Every structure is written in C-alpha cells, then in structure tokens.
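Engineer: Build me a model from this:
(2 chains)
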Amino acid sequence: MRPTPTDGPDPAPAVRVQGVSKRYGDRQAVDDVSLDIHRGEFFGLLGPNGAGKSTLVEIMEGLRQADSGSVALFGEPPWPRNTALLPRLGVQTQSSAFFVRQTAHEHLRTVAALYGVARAAVDTTLESVGLTEQRDVQVESLSGGQRQRLAIASALVHGPELIFLDEPTAALDPQARRALWEVLRALKAEGRTIVYTTHHLDEAEALCDRIAILVDGKVAVTDSPHNLVGASEAPSRLMLPLGRLDEQQAAAISGVDRVTVQGGSLVLETRTAGKVLSAVDQLTGLDGVQTRTASLEDVYLDLTARLTSAPRSPLRTAETTEHQP
Amino acid sequence: MSAYAALTGAGYRAQVRDKTTLFFTFAFPLLFLVVFGLIFRGQDVEQSGLSYLSYTASGVLSWGVANAAVFGIAFTLMQWRTDDILRLIRMSPAPLSAVIGSRYALALVVGAVQSLLFVGVAMLPLFGLEPASGWPLLIPVMVLGITTFLLLGVIIGSFANTPESVAAVANFLMLPMAFLSGSFFPLDAMPDWLQKISLVMPLRYLNDAVSHALTGRGDLSDVTVGCAGLAVFAVVFGAVAVKTFRWTRSS
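Structural biologist: Sure thing, here's the model as predicted:
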C-alpha cells in the first residue's frame, strides 16, 4: 500500500496537534502543545526524560485522551479507538511485545493477520530489517538488537503511512544502527511520514527534516536541525594537539572564550572561529588542528539547560581543567 | 487469515510448546480424583445411594474445568497487557472479539480434553464411574460453564497487573466457591444457610448440571436450572468484562 498524497488540493497534515494539555495529579505532563507534521516529513521529537514526550506521542497515537485540545491524524481524530484510521498508522512497541513461544516469522505473521495483510509482506519486512536468517528462531532466543528490529518490523509490516518510532536504535550496534537509518530513509523516500522519538542527537541531525524539542511539557522550539544549529550561539571548538600552546597562551588569544584540556587535546571554545584560527596559525601553524562547529547536541544541551534552569551537566567540567580568560 | 484465526493459531502454538503448564492443566483435576477416590473408596452418600466417588467426580470435574477457564484467560490478558501485546493489538484494527474469541476457542478445547481424560480415568475399575445415560448433555453444560468462567477470568485479567495478583484473586474466588458449591463435599451435609449462599455462586449451577448429566443425580431440572443460572452469570460477567476491559495499563 502506497501513501496517496492527493486528497484534494489541500490535504490535512499527517498530524495536527492543537492546544493539547495533559495533567497527572499535580504534574503538567503536556502543556498546551500545538504542532503540525506534514505528510512525508521525518519529524524528530526530542527532550529530556520526563519532558512529556511519551505522553504526547501516546495522545497522538490515540492511546490516551488529552485533557484539552485536539489531535487529528490525516484530518481524523485518533481517540476514541478509530479502526478506520489504525491501518494507516504504524506504532513501534517495546521489544517485549511479542506473542510468546513463537518464531520471529510466526510472530510477524500474526501481526500481519491483525491488519489483514497478505503473508508475502512478512518475508519482505523481515528482510528489510535484516532478520531473514532468524525467521525460525523463537522470539525468546533473539538478541537485544534482533528483538528491537523485530519490534520495528511489527510496526511496518502493514505498510503504514504514518509511523511512530520510539528510540528505535537504542539496543543496536553501530552497523545495525546505520542499516536501520537506510531502512528509514527508504520509507521516507516512499512518501511515508515518520515521527521519531530519540535521545541520539546525531541521529536526529542525520535523519530529521524538522525537530521539536520538548521541555517541561512545552515545545521549546520547532525547526530544521540546520536552522537550529545555524541560529544557535553555541561556540565552535578548535582542538590542538597538547604541547603546542600552553593554556595561558591560548586563553590570551582574542576571541577565545574558554580553554580546556579534553581527550589529549587543548580545546579552544570560540564564537569567532576564523579569527582565532588565523591567530593559531601564526603562533604554531595549523598542522593537526581540528575544528568542530556546534552540533545539534550542543544546541540541545544549551536550550534544555536554560529552560529547565538546571545546572549544566557536571560531567563536562569535572573531567577538564578550566581557565576563564 | 483473519485476526481471530491468527490469534487462535498463535495461542495454540504457545500452549502446546509450554509442556509443563499443559501437563499440569490436565493433571490437576485428576490429582483430586485420585485423592478423593482413595479417601472415600466404597462409601455411599447418605440417602441418595450413589457412591461418594460418583458424587465427587462430577464436582471435581466441573471445578477443574472452571478453574482452567478462569486462570487461562486471566493470566494471558494480564501478561499480554504487561508485555504490550494488547497495546499492539489495540493499535491494529482487530476487534476485541477476535482476542476474546480466540481464547474462548482454546478454552473450549482445553475443557473438552480435560473432560475426556477425567471421565476416562474415572471409569477405570479403581474408581468405577458409570456415566449416566444423559451424558451427552455434558457438552452444552460444559460449553456454557466455560463461557461463564472465561468471562469471570476476563474481569480478573483486567484488574490484575501481576501473575501474583491473578493467582491470589482467582484462588480467593475459586477455592471457597469449590467448597461452598459442593464440588468436594455434598451440599446436603452443610447447614441450611450455607446451602442458600451457594445459590449466588456460578459453580453451584455447573456442579448440579454436570452431576445430573454425568452421574444421573437429581433430575433433568438440575440441568435446565443449572444452564439458566450459568447463562445469567455469563450475561452479568460479560457486561462487567466489557466495561472493565483495559488495553493498556494506563487506560
């Protein structure tokens, strides 16, 4: 089943959340959230633990009812259980959601039958997540990464248009993670919409068209990773091999905000990288010097720290020596 | 393949691949038959002239079948909710009736095998059970009994969140009910008020109906009244089950 984006001149967005709030006791889990996710978009939902991501996603999926506000998927409300809408959605569950004492193939066959999907889809889906060799292995004997891939396959077997994935690469090794990225990019290329919850900022940067960062139940920002990084004031970092400059000399360079020693490098943080680079060039030459521009992770940490007004992660400073110029 | 057929298939495979549970599901009522058979061999129940064993055989059989129906679905629903399998089904268009229906089909098969095994063993010379002429009535009676107790199990499975609580709640209901409904001891031997209390217990109606069908005790009205009683409880349990069913822990 291919998604059909031609529902008239102005089709409803894949997801439209308007003014959604949800309270548990005296905790405001989701606080007046509004966002649109367009058809065919790869949308990342980021935020610290307890920021309300899971609650918001469950409200979008129609598993929970919002206290106020509205949700529409392709223009239809997902709550209460909307069996006309459900075949268009794919939801990844936790990796224990397998029918017991079944093989991978039997499990996926059962899931496919829940959607009334032909059996041929089972083999192709198993192949797409790289589990063809494990088709006759009982789910209890699969490794953590294999279980995770089977959970993803369970969300994809019926060819949904809108796919919700929750930390899909958490238990995967680097090879499997990259392989899954390719699966996800192929899904996007087919025009499917993906809502992606993750803690891996590099992943969000590599995959997502847009991301929303949720802090304390509110959407702090929604934009493309590119714009977020571009607009951020997070500093770039120049990394010099140790011994080239001492810390006092480095701190004295105009434009350098902070000097630290990390992982065998002298790290210069600056917001005027060009100027500092030419100064370093004159002092020691640029051999072996690396530059790191701000990443989405820096932007994310900066933003969440400011909004939760929590102190910055102590790890970052505890392992380094500091000189404030 | 329909959702119902797929779920039944998956449930069947899960059941036959768990040899330990399978064995004890069928061995449990037999154990009681052997124990009571050895204790009361050769004794007659007062007045009726029926052997004590033929009395207990029907009581133990109906209790064993009811027990399996309650525990089977209660454990499954609790486990499926804990493992997010119910959530997975909830997010598919499959109807709730496919979930309950598949478990119902499996429970009927378990009940049929239990009954055949049990009656077969009870007919051995050691126990000497002679089925009454109306024994085919056992089939509709057992189907109705399994329906009623399965629906009770659905309710328990919706409330309980751990295996321990399923066992605690189900035992709390089923064990006293077995004694108070006359599964293990004749009701005639109990005080009048206790006999009256038994009238609000579904197992009492299953016992009476099975007892007439299998051993010829009482008359045909025991079967009709028993079935009517079971049907009333099935409707009540069914209504409560639909009202209290939860797809996920938080819903």
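
Engineer: In the stretch 101-250 of chain B, mark out all the strands, start to finish.
Structural biologist: With DSSP state E, counting those that start in this stretch as the criterion, the stretch 101-250 of chain B has no strands.

Engineer: got it, and the stretch 151-300 of chain A?
Structural biologist: Along the stretch 151-300 of chain A, the stretches classed as strands by DSSP E, counting those that start in this stretch are A:162-166, A:193-197, A:210-215, A:218-223, A:236-241, A:256-262, A:265-270, A:290-292.

Engineer: Please work out the average pLDDT along the first one.
Structural biologist: Averaged across strand A:162-166, pLDDT comes to 95.

Engineer: thinking again about what came up before, output the strands of the stretch 151-300 of chain A in a markdown table; the columns should cover mean neighbour count.
Structural biologist: Where C-beta positions appear, they are placed from N, C-alpha and C, glycine not excepted. Formatted as a markdown table, these follow (neighbours: other Cβ atoms under 10 Å in any protein chain shown):
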| stretch | mean neighbour count |
| --- | --- |
| strand A:162-166 | 23 |
| strand A:193-197 | 24 |
| strand A:210-215 | 24 |
| strand A:218-223 | 17 |
| strand A:236-241 | 19 |
| strand A:256-262 | 18 |
| strand A:265-270 | 21 |
| strand A:290-292 | 14 |
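
Engineer: what's the residue of the stretch 101-250 of chain A found nearest chain B in contact with, if anything?
Structural biologist: Among the residues of the stretch 101-250 of chain A, A:Ala113 lies closest to chain B, at 3.2 Å counting by Cβ to the nearest Cβ. A:Ala113 makes contact with B:Met1, B:Ser2, B:Ala3, B:Ala5, B:Ala6, B:Leu7 under the criterion Cβ atoms under 8 Å, 6 or more residues apart in numbering or on different chains.

Engineer: Tell me what A:Leu165 is bridged to.
Structural biologist: Beta-bridge partners recorded for A:Leu165 (DSSP bridges): A:Tyr196.

Engineer: Now do the same contact list for it.
Structural biologist: A:Gln92, A:Ile152, A:Ala155, A:Leu184, A:Ile194, A:Val195, A:Tyr196, A:Thr197.

Engineer: could you redo the last one with a cut-off of 10 Å?
Structural biologist: By Cβ atoms under 10 Å, 6 or more residues apart in numbering or on different chains, the contact list for A:Leu165 reads A:45, A:57, A:90-92, A:151-152, A:155-156, A:180, A:184, A:187, A:194-198.

Engineer: Out of those, which end up buried?
Structural biologist: With burial judged by 16 or more other Cβ atoms under 10 Å in any protein chain shown, the buried subset of those is A:45, A:57, A:90-92, A:151-152, A:155-156, A:180, A:184, A:187, A:194-198.

Engineer: out of those residues, which are inside helices?
Structural biologist: In helices, defined here by DSSP state H, the members of the buried ones among the contacts of A:Leu165 are A:Val57, A:Ala151, A:Ile152, A:Ala155, A:Leu156, A:Leu180, A:Leu184, A:Leu187.

Engineer: need the contact list for the first one.
Structural biologist: For A:Val57, the residues meeting the contact criterion (Cβ under 10 Å, 6+ apart) are A:Leu45, A:Leu63, A:Arg64, A:Val91, A:Phe164, A:Leu165, A:Asp166, A:Val195, A:Thr197.

Engineer: ok, the first one to A:Ala220 distance?
Structural biologist: Read it as A:Leu45. The gap separating A:Leu45 from A:Ala220 is 12 Å, by Cβ to Cβ, to the nearest Å.

Engineer: Check the second one too.
Structural biologist: In this structure, A:Leu63 and A:Ala220 are 24 Å apart, going by Cβ to Cβ.

Engineer: Could you do A:Thr83 as well?
Structural biologist: A:Thr83 sits at a distance of 35 Å from A:Ala220 (criterion: Cβ to Cβ).

Engineer: excluding its backbone neighbours, what's nearest residue 84?
Structural biologist: Assuming you mean chain A. Nearest residue to A:Ala84 in three dimensions, chain neighbours excluded: A:Glu76, at 7.3 Å (Cβ to Cβ, 6 or more residues apart in numbering or on different chains).

Engineer: I was thinking of chain B, sorry if that wasn't clear
Structural biologist: Once flanking residues are discounted, B:Asp84 sits nearest to A:Ala97: 3.8 Å by Cβ to Cβ, 6+ apart.

Engineer: surely the one you found meets A:Ser154?
Structural biologist: Yes. Using Cβ atoms under 10 Å as the test, A:Ala97 is close enough to A:Ser154 to be in contact (7.2 Å).

Engineer: Tell me how many other residues surround the closest residue to A:Thr132 other than its chain neighbours.
Structural biologist: In space, and not counting its chain neighbours, A:Thr132 is closest to A:Leu126: 5.5 Å by Cβ to Cβ, 6+ apart. In terms of burial, A:Leu126 registers 22 neighbours under the definition other Cβ atoms under 10 Å in any protein chain shown.

Engineer: pretty sure A:Leu126 is in contact with A:Val157, am I right?
Structural biologist: Yes. A:Leu126 is in contact with A:Val157 according to Cβ under 10 Å; the separation is 8.8 Å.

Engineer: Now the common contact residues for the two.
Structural biologist: Contact criterion Cβ under 10 Å, 6+ apart; residues shared by A:Leu126 and A:Val157: A:Leu108, A:Arg109.

Engineer: ok, B:Arg13 - how many residues close by?
Structural biologist: Applying other Cβ under 10 Å, we find 17 other residues in the vicinity of B:Arg13.

Engineer: quick one: contacts for it?
Structural biologist: Applying Cβ under 10 Å, 6+ apart, the residues near B:Arg13 are A:Phe99, A:Val100, A:Arg101, A:Gln102, A:Thr103, A:Glu106, A:Thr110.

Engineer: out of those residues, which are inside helices?
Structural biologist: Residues of the contacts of B:Arg13 located in helices (DSSP H): A:Glu106, A:Thr110.

Engineer: re earlier: of the ones in helices among the buried ones among the contacts of A:Leu165, just say which sits nearest to A:Leu142.
Structural biologist: For those, the residue nearest A:Leu142 by Cβ to Cβ is A:Ala151; the value is 10.2 Å.

Engineer: Help me confirm that the closest one comes into contact with A:Thr125.
Structural biologist: No. Contact between A:Ala151 and A:Thr125 fails when scored by Cβ under 10 Å: they sit 11.9 Å apart.

Engineer: Run through chain B and note the low-pLDDT ranges.
Structural biologist: B:42, B:44-50, B:251 (pLDDT under 70).

Engineer: Tell me the residues of it that contact chain A?
Structural biologist: Where chain B comes near chain A, counting by Cβ under 10 Å from any Cβ of the partner chain, the residues are B:1-7, B:9-11, B:13-18, B:76, B:79-80, B:82-96, B:98-99, B:247-248, B:250-251.

Engineer: Take those and keep only those in helices.
Structural biologist: Going by DSSP H, the helices hold B:3-7, B:9-11, B:13-17, B:76, B:79-80, B:82, B:85-90, B:96, B:98-99 from the residues of chain B next to chain A.

Engineer: Give me the buried subset of the residues you listed.
Structural biologist: B:3-4, B:6-7, B:9-11, B:13-15, B:76, B:79-80, B:82, B:85-90, B:96, B:98-99.

Engineer: quick one: the closest residue to chain A within the stretch 1-150 of chain B from A:Gln102, how far?
Structural biologist: As assessed by Cβ to the nearest Cβ, chain A sits closest to B:Ala6 within the stretch 1-150 of chain B, at 3.2 Å. When distance is defined by Cβ to Cβ, B:Ala6 is 11 Å away from A:Gln102.

Engineer: now B:Glu164
Structural biologist: Applying Cβ to Cβ, one obtains 25 Å for the distance of B:Glu164 from A:Gln102.
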